[in-house]
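Enquirer: Provided below for reference: sequence and predicted model.
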Amino acid sequence: DAGVTQSPTHLIKTRGQQVTLRCSPISGHKSVSWYQQVLGQGPQFIFQYYEKEERGRGNFPDRFSARQFPNYSSELNVNALLLGDSALYLCASSQGLAGLYEQYFGPGTRLTVT
Amino acid sequence: SQELEQSPQSLIVQEGKNLTINCTSSKTLYGLYWYKQKYGEGLIFLMMLQKGGEEKSHEKITAKLDEKKQQSSLHITASQPSHAGIYLCGADKKNYGQNFVFGPGTRLSVLP
């Protein structure tokens, strides 16, 4: 079975632009979570979606938004990019809510904001 | 402040040596997870611990959760260069009303 996939792999954007990151979960998984990982730190929780509903939101500004589609894939949108948004963005899928079930991570999208 | 603390921050060991990484929380954990990350890549799930006193092993890696469910240790026996990477503990924060959190990670290097 295919694992969690993310696209694109790398992305370079300019300050003020908008970006959309995509994630496809493992088949049968209904929950998708997004994390931001800045170099040298552990991943920081951004969003969790389960059955197309937002079930958790981390301490991130409203510039960050996400959604989950009927096929359980997900998109993370970031508006008005700042230099500080440069990070590895990780998507994880799980059978149910993260914490109750193990999460499986994709390879990540490396976002660089210049 | 970090809600999950890990120690040590980094570790360099000779191949064949044993090592232990610790993860500590100030509050009771509802599910403790260990992950391994190769530099700049996605996380690989290692083990999940949920019950106080629980211990799990996979190949040469053993993880334990203490009775109070506030501290976990990850022990690697006879380390190999393939064990090198960043080890992260993570936990469900539902008891705090939020979601999943990770520790800052422990960077392991294994010298051949």
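Expert: Okay, I see it.
Enquirer: going forward, measure contacts between C-alpha atoms and count neighbours the same way
Expert: Noted.
Enquirer: just the strands in the chain please.
Expert: Here I'm looking at chain A. Remark: strands assigned in chain A by DSSP state E are A:5-7, A:10-13, A:19-24, A:31-37, A:44-50, A:53-57, A:64-68, A:74-78, A:87-94, A:104-105, A:109-113.
Enquirer: wrong one, chain B
Expert: B:4-7, B:10-14, B:19-25, B:32-37, B:43-49, B:55-58, B:61-65, B:71-76, B:85-91, B:101-102, B:106-111.
Enquirer: low-confidence ranges in chain A?
Expert: Counting by pLDDT under 70, chain A contains low-confidence ranges at A:1.
Enquirer: quick one: contacts for the residue nearest to B:M48 when sequence neighbours are not counted?
Expert: Distances taken as CA to CA, 6 or more residues apart in numbering or on different chains put B:Y33 closest to B:M48, at 4.5 Å, once the chain neighbours are dropped. Taking CA atoms under 8 Å, 6 or more residues apart in numbering or on different chains, we find B:Y33 in contact with A:102, B:45-49, B:89-91.
Enquirer: Next, name the residue at the spatial heart of chain A.
Expert: The structure's chain A has its C-alpha centroid closest to A:W34; by CA atoms, centre = their mean the separation is 3.0 Å.
Enquirer: can you list the residues of chain B near chain A?
Expert: Within chain B, the positions near chain A by CA under 8 Å from any CA of the partner chain are B:30-31, B:33, B:40-45, B:48, B:88, B:91-93, B:98-105.
Enquirer: Pull out the buried members of those residues.
Expert: Buried by 16 or more other CA atoms under 10 Å in any protein chain shown: B:30-31, B:33, B:40-45, B:48, B:88, B:91-93, B:99-105, out of those.
Enquirer: Can you tell me how far the residue nearest to A:Y89 when sequence neighbours are not counted is from A:F47?
Expert: Closest residue to A:Y89 apart from its sequence neighbours, by CA to CA, 6+ apart: A:Q36 at 4.7 Å. Here A:Q36 is placed at a distance of 10 Å from A:F47 (CA to CA, to the nearest Å).
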